[in-house]
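> next one to model:
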Amino acid sequence: MQNFDTDTNGAIDTEEFLAEALRVREEGNNSDSVQAYEYRAEVAEWTREFNDEFDVNGDGVLDIAEVTALLSPQHRCHAIAEAYELARWADHNGDHELSPEEVAAAHANITASQLFNYGEYARQDVDAMYSNLASKVVSHVTRARTEL
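Sure thing, here's the model as predicted:
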């Protein structure tokens, strides 16, 4: 947390978060360039993610509990970042599209990626959610029967 928390106030604000999260580090000299567009789009997307997904209590900063949840390997942001990096790495001609040849060439790295673990994490989360829901339903049914 101390690497992100540059003002050492014990929380990470949007500016501190963006300083570490952005892949495109600057807009560049030409505001109409692809780099400028990608920078603005990435700032908007990460700001939205910060506010809507990461800042759970809505206080405008990430506290230690929110950072801990974010760092969990089960958090979907890791799968998204991994997918982005894999696609960028595999896109040899830089056209922002993966051809069948590029996918075939990168197959070993793609299948060795942690991204494949995300599917298992998601399945475990769904299983836990259904298990929790089922126990609540059983509890309500049992309570209703005893009240009759």
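> which stretches of this structure have low pLDDT?
Flagging of the chain using pLDDT under 70 yields the residue ranges 1-2, 22-28, 73-78, 114-142, 144, 147-148.
> quick one: the strands in it?
Along the chain, the segments classed as strands by DSSP state E run 12-13, 61-62.
> export those strands to JSON lines and tack on distance to Phe54 and mean neighbour count?
Every C-beta, even on glycine, is put in place using the N, C-alpha and C of the backbone. Formatted as JSON lines, the strands of the chain follow (distance: least, C-beta to C-beta, whole Å; neighbours: other C-beta atoms under 10 Å):
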{"stretch": "strand 12-13", "distance to Phe54": "9", "mean neighbour count": "22"}
{"stretch": "strand 61-62", "distance to Phe54": "6", "mean neighbour count": "21"}
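> tally of neighbours for Leu70?
By the other C-beta atoms under 10 Å criterion, the neighbourhood of Leu70 contains 19 residues.
> look up the closest residue to it, ignoring the ones flanking it.
Leaving out its chain neighbours, the residue that sits closest to Leu70 by C-beta to C-beta, 6 or more residues apart in numbering is Phe54, at 5.5 Å.
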